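Asker: Make a model of this:
(2 chains)
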Amino acid sequence: MGLLVLALLVALAPVYWMVTISLKTEIDQFARPPKWFTFTPTLEHYYDAFVTRSFSEYLLTSAIVAVVSTACALVIGTLAAYALTRFRLPYNLDRKLSLWILSTRMFPAIVTAVPLFLMMRDLRLVNTKAALIIVYTGFNLPFVVWMMRGFFAEVPRDLEEAALVDGDSRLGALVRVVLPLVTPGLAATAVFCLIVCWNEFLFALVLTQTDAAMTLPVGIAGRVTQYEIKWGVMSAAGAVAMVPILVFALAMQKYLVRGLSLGAVKG
Amino acid sequence: MPIKFQNVSKLFGDLPVVDDLSLEIDDGEFVVLLGPSGCGKTTTLRMLAGLESVTSGDIFINNERLNDVPTQQRDLAMVFQSYALYPHMTIAENIAYPLRVRKLGQNERRNRVLRVAKLLEIEALLGRKPRHLSGGERQRVALARAIVREPRAYLMDEPLSNLDARLRVQMRGELKRLQHQLGTTTIYVTHDQAEAMTLASRVAVMKKGRLQQFDTPLNIYNQPANRFVAEFVGSPSMNFIEGRIEHGTFVSDVLKFPIDRADEEVSLGIRPEHVHVSTQSQDGGIPAQVYVTELMGNETFVFLSIGSQKLIARAAADFRADEESTVWVRIETAKAHFFLKRNPQITPI
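Answerer: Predicted coordinates for the structure are as follows:
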């Protein structure tokens, strides 16, 4: 119990600090000793960030990129995972392919940053949302494939075979019989993909330089300038950035717990 | 509809699971594929369903070659050993599934589901999910899903093996009646010879991928084609006495009688009901030790030993004998089967 309180404190203290900073006037932000609880709240930084500056645009960009790339990764990855679990390819290719897919996550992301930038430049996609969507989809695919492979392996083959004999197509059996059974797994995978996309910083920094396709993490980091650090604006944007993931994770909580422990116990 | 297997083989890697199987099944027949586990009977069924490819040979239904027809277009219905009910659908949705994928109208679907539900007496379950059903109820739902459309044939893969003994016998009877009513060709896979004997119009006995005998249950029982069939069918199992035929006489350690056959090393097979025991000494009776007796209520199985030879006899319900006591055995030699020792595949004529 004591440990739990300690863990909660460690996890939540920075969040509390960020949220209070975002509500303090600049003078209060630097008060010594720090004003933990007693200060006059103000929304000026929120106004500054989302009305005066372009943070609402960054928010929208982040949302579009995260949702679209998660959706793409889920569709492609789920189909790939299904094929890799259910079809035996010659020369053990199904196993080798799976490992190869996983291996793309085994080197540091920075290694691919420059080549990706050059490719995107040649495709004239630098500073577009499309570039980020493509990169994030590729980044999340191995994760989706490996997560979903595990979930598909749990579904008894008999069920799909019954669906086939009953007259359904492979895709029909997948959509009508298999996918409903792996919904918890899908939900858990989706949450993780979204979080990864939402928080991604490196590729967003390399591939976007203008407001046209800047995501929230890059936008926030951009407030650290040569002359000043806009703590209030950054905190306000950070506080808002937390909300969608929090809401989504809470909505999916029921599935998350089941999804992550699916297969741990039979039945 | 008539189904034909023509020289069908299936290899898993280099291992032949089904080996040169030829089988002709008539329209409306109830054929049971019988054999121990690993004999290829389930693989045969799965090849017919299209869930397993055919390595060589051809499968026909109604003279249409099936080999390259995908499963969904074969228009067969299958009942799985695990029932394979869709866990996220209600019973009504489960039964309606084959109709839904055929894009039947909502009304037609509902009517048909109600009709089969009534036939199988599961109307009360329609709104429930499979996990709330007992084994027997699930079995009925699986059957209902198979018969809700009129397929060209029913395929059943050990459908009763997950039920308890009492329910199994009950469902066996219902299955037989149902098949009579529907008149649809049915292929049924089991390792349970009692199911095979009671259900089948013809039984195909398989061993290690090869067809041993394909005949009516009675002929399988009375005229087994080889020692394997003789041993596998019948409970308790047939007795075997090793011996030889010499100058028109069967000679073994325990038994000697004249028989009009060529000289040969043979095994004599005799069913327990053709071994008669008596506690009284009788003419021509062979003295034997009682090893153990099993009371079945309506009859008694007597396990005997004559020297090193073991025999099982089927006796009347009131037969009583103590262990190790001596009884007298008479073997109905006219009912004996003979199997060549050098080639137990063949019964000498």
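Asker: three-state assignment of residue B:52?
Answerer: Following DSSP: H, G, I helix; E, B strand; the rest coil, we place residue B:52 in the coil state.
Asker: Tell me how far residue A:28 lies from chain B.
Answerer: 54 Å (C-beta to the nearest C-beta, to the nearest Å). Yep, even glycine has a C-beta here, placed from its N, CA and C like the rest.
Asker: cool, and residue A:101?
Answerer: 27 Å.
Asker: Tell me where the model's unsure across chain A.
Answerer: The model of chain A has pLDDT under 70 over residues A:258-267.
Asker: Kindly report the residues of it close to chain B.
Answerer: Chain A has residues A:156, A:158-159, A:161-169, A:172, A:176-177, A:180-181 near chain B, with proximity defined as C-beta under 8 Å from any C-beta of the partner chain.
Asker: go again using 7 Å as the cut-off
Answerer: Proximity of chain A to chain B, by C-beta under 7 Å from any C-beta of the partner chain, involves residues A:156, A:158-159, A:161-162, A:164-169, A:172, A:177, A:180-181.
Asker: Show me those residues that map onto strands.
Answerer: Nothing among the residues of chain A next to chain B maps onto strands, per DSSP state E.
Asker: all helices of chain B, in order?
Answerer: B:41-49, B:91-101, B:106-119, B:135-147, B:165-182, B:193-199, B:217-222, B:227-232 (DSSP state H).
Asker: Present the ones you listed as JSON lines; the columns should include mean neighbour count, mean pLDDT and distance to chain A.
Answerer: As requested, the helices of chain B are arranged in JSON lines below (neighbours: other C-beta atoms under 10 Å in any protein chain shown; pLDDT from 0 to 100; distance: least, C-beta to the nearest C-beta, whole Å):
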{"stretch": "helix B:41-49", "mean neighbour count": "24", "mean pLDDT": "91", "distance to chain A": "6"}
{"stretch": "helix B:91-101", "mean neighbour count": "23", "mean pLDDT": "90", "distance to chain A": "4"}
{"stretch": "helix B:106-119", "mean neighbour count": "15", "mean pLDDT": "88", "distance to chain A": "13"}
{"stretch": "helix B:135-147", "mean neighbour count": "23", "mean pLDDT": "87", "distance to chain A": "7"}
{"stretch": "helix B:165-182", "mean neighbour count": "14", "mean pLDDT": "86", "distance to chain A": "17"}
{"stretch": "helix B:193-199", "mean neighbour count": "20", "mean pLDDT": "89", "distance to chain A": "20"}
{"stretch": "helix B:217-222", "mean neighbour count": "17", "mean pLDDT": "91", "distance to chain A": "27"}
{"stretch": "helix B:227-232", "mean neighbour count": "22", "mean pLDDT": "89", "distance to chain A": "27"}
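Asker: Report the closest residue of the stretch 151-300 of chain B relative to chain A.
Answerer: Using C-beta to the nearest C-beta, the single residue of the stretch 151-300 of chain B nearest to chain A is residue B:155, 7.8 Å away.
Asker: Any idea how many residues pack against that residue?
Answerer: 27 (other C-beta atoms under 10 Å in any protein chain shown).
Asker: Bridging across strands, which residues link to it?
Answerer: residue B:78, residue B:187 (DSSP bridges).
Asker: I'd say it and residue B:45 touch.
Answerer: Yes - the pair residue B:155 and residue B:45 passes the contact test of C-beta atoms under 7 Å, sitting 5.3 Å apart.
Asker: what residue lies at the spatial centre of chain B?
Answerer: Among the residues of chain B, the one closest to the centroid is residue B:196, at 3.1 Å (C-alpha atoms, centre = their mean).
Asker: List buried residues within the residues of chain A next to chain B.
Answerer: Buried members of the residues of chain A next to chain B, counted by 16 or more other C-beta atoms under 10 Å in any protein chain shown: A:158-159, A:161-162, A:164-169, A:172, A:177, A:181.
Asker: Farthest-apart pair in those, please.
Answerer: A:167 and A:181 (19.5 Å; C-beta to C-beta).
Asker: Please state the offset of the lengthiest helix in chain A from the chain centre?
Answerer: Secondary structure of chain A per DSSP H: the longest helix is helix A:55-86. Distance of helix A:55-86 from its chain centroid, counting by C-alpha atoms, centre = their mean, to the nearest Å, is 9 Å.
Asker: what comes up buried for whichever helix or strand comes after that helix?
Answerer: Where DSSP states H and E defines the elements, the next helix or strand beyond helix A:55-86 is helix A:93-103. Neighbour counts over helix A:93-103 (16+ other C-beta under 10 Å) mark A:94, A:98, A:101 as buried.
Asker: interface residues of chain B facing chain A?
Answerer: B:49, B:51, B:71-72, B:76-78, B:80, B:82, B:84, B:86-88, B:97-98, B:101-102.
Asker: Kindly recompute the last result at 8 Å.
Answerer: Counting by C-beta under 8 Å from any C-beta, chain B sits next to chain A at B:49-51, B:71-78, B:80-82, B:84, B:86-88, B:97-98, B:101-102, B:145, B:155.
Asker: Please pick the buried ones from those residues.
Answerer: Members of these classed as buried by 16+ other C-beta under 10 Å are B:49-51, B:71-72, B:74-78, B:80-82, B:84, B:86, B:88, B:97-98, B:101, B:145, B:155.
Asker: and the end-to-end length of stretch A:29-38?
Answerer: Stretch A:29-38 has an end-to-end distance of 12 Å (C-alpha to C-alpha, to the nearest Å).
Asker: quick one: contacts of it?
Answerer: Stretch A:29-38 is contacted from outside by A:20-21, A:24, A:28, A:39, A:231-232, using C-beta atoms under 8 Å, 6 or more residues apart in numbering or on different chains.
Asker: which among those gets closest to residue A:50?
Answerer: Nearest to residue A:50 among the contacts of stretch A:29-38, with distances taken as C-beta to C-beta, is residue A:232, at 12.4 Å.
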